[in-house]
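A.B. asks: Provided below are the primary sequence and the corresponding predicted coordinates.
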Amino acid sequence: MKIQSPNHQITKSPNSSPTGIVLHSGGLDSTIACKVLQAQGIHIIALYFITPFFGYKVEGQKKILSNRAMVDQGIESKGIDISEVYLKMIKNPEHGYGKHMNPCIDCRILMIRNAINRLDEFNASFVATGEVLGQRPMSQRRDALRIIERESGADGQLLRPLSALHLPPTDVENKGVVDRSRLLGLTGRGRKDQIILAEKYGIKDYPAPAGGCVLADPILSLRFKCMFRLRPELDVNDCVLLRMGRHFVLPDGSWLVIGRDKRENAKLVSMMMEGDIKLDLTAGYGPTGLWRKTCSDVYADLAAGILCRYARIRRRLEEVRLSGPGTENVKTITTFQASDEIVNKYKV
C-alpha cells in the first residue's frame, strides 16, 4: 500500500547548514554517501536501524550500537530499534525473499519509511542511502529503486548520492540544497571506485562488501526458515538466539541450543528467560545448553546426552545439571553422550 509523502519544507540545522538523514548499514557505501554530502557542508545524521538480524550484539541482553567508522569520521550517529515491526514484516514480506530469507525490497521500504517519518524529529530535509544502481540483483535494480521510493512515501525526498547522476533529480537537488554536480554516477557490482573514494576520504575501518545481514547467509537462513515454520510465534529474543550455537528440536517440540565456545555459553546464559532450563556439566568443563519451550522434563535425558556429545573431554558417563533462572530448583542426571545418529536426527 502506498503511503503519501508529507510535504516537508527544507530545514537547516542550528549552524545554518541543511541537515540530511543517511541510512547507515555500517558498510563502505553508506559511509561514502555520508562523506559525499558532508563535503557539501551538509550536516549528516547517520541513522542505524537495529533488528534481531543486524545492527547489534548481545551482551547482558542489551542492544549495543557500535560503529567505529562513524566515530572516526566525526559523523553523528543514531541507533533506532525497529525489531518488533521488522519481525512482523519478515514473516510475510509483500515483495518476497531474495536467494535466501532476505526480504531486501520490503526491508528497504520499512527503513526508508521510518526515516522519512523522522525528518521533523531530526530537523532534516531529506533521506539518503548508500545504494548503488545495479549492485544488488533484488533491491538495486532501477525498477526496484523506484518501487522502494514510491512505497516508502519518499517521493522526491530520497537521495542516492552514489548513483544520483543516473537517476532523476530529487527535490533537494532541484532546490539547490544539494549540488547535483558534486554527486556521483556509480553503477554495477564493482568495488574499485568505492575503494578509491575510501582512500580519498580517509575511510579505513570498514567491513568486507559481503554485508552483515544474517538473513542472506545460506546456512543461517535455512535455520530461520525451519524455525519459523515450526514456531511462527518466534519473538525477538528467539530470533537473536537463532544466530548462535547449535540447535535441536526434540520430539516434544522443545528447543535446545548448545554453545560452541566460552563466549557463546555466556551469551546463552544472559538470554535465559522464565521457563528456560540451563544445562551444564557438573565437572565444570564443556558447553552450556539452553532448553526452551519445554513443558516437562520427559526428554531431559536426551537433551543432556546431546549436550555431552559436545564436551571437550569425552567420558563414558557424564553428570549434567539442569537449572532454571531465578530459581534454586536443580536436577542432576547421569547419562551417556548421544550418538551421531541421534544428534543428526534432531539437529536443525
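C.D. replies: Nice, I can see it. Numbers count the residues shown, from 1 in each chain.
A.B. asks: which stretches of the protein form strands?
C.D. replies: Assigned by DSSP state E, the strands in the chain fall at 19-23, 43-50, 57-59, 62-64, 76-81, 126-128, 158-159, 246-249, 255-258, 277-281, 288-292, 318-323, 330-335.
A.B. asks: so how many other residues sit close to residue 333?
C.D. replies: Residues within reach of residue 333, counting by other CB atoms under 10 Å, total 17. In this view, the C-beta of every residue, glycine as well, is placed from N, C-alpha and C.
A.B. asks: same question but for residue 146, I mixed them up
C.D. replies: Residue 146: 13 surrounding residues under other CB under 10 Å.
A.B. asks: pLDDT score assigned to it?
C.D. replies: Looking at residue 146, its pLDDT is 96.
A.B. asks: what would the strands of the chain look like in a markdown table with mean pLDDT and distance to residue 228?
C.D. replies: Formatted as a markdown table, these follow (pLDDT from 0 to 100; distance: least, CB to CB, whole Å):
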| stretch | mean pLDDT | distance to residue 228 |
| --- | --- | --- |
| strand 19-23 | 97 | 26 |
| strand 43-50 | 94 | 20 |
| strand 57-59 | 55 | 20 |
| strand 62-64 | 46 | 22 |
| strand 76-81 | 92 | 21 |
| strand 126-128 | 98 | 30 |
| strand 158-159 | 98 | 30 |
| strand 246-249 | 97 | 13 |
| strand 255-258 | 97 | 13 |
| strand 277-281 | 94 | 23 |
| strand 288-292 | 96 | 15 |
| strand 318-323 | 92 | 28 |
| strand 330-335 | 90 | 31 |
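A.B. asks: Out of these, which one sits most buried?
C.D. replies: strand 126-128 (a mean of 30; mean count of other CB atoms under 10 Å).
A.B. asks: ranges for the helices of the stretch 101-250 of the chain?
C.D. replies: 104-116, 142-151, 171-174, 192-201, 218-230, 236-241 (DSSP state H, counting those that start in this stretch).
A.B. asks: re the thing from before, in TSV, list the strands of the chain along with distance to residue 170.
C.D. replies: Shown next, in TSV, are these (distance: least, CB to CB, whole Å):
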stretch	distance to residue 170
strand 19-23	11
strand 43-50	16
strand 57-59	35
strand 62-64	32
strand 76-81	22
strand 126-128	7
strand 158-159	5
strand 246-249	45
strand 255-258	46
strand 277-281	53
strand 288-292	47
strand 318-323	58
strand 330-335	62
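A.B. asks: Kind regards, and thank you for your time.
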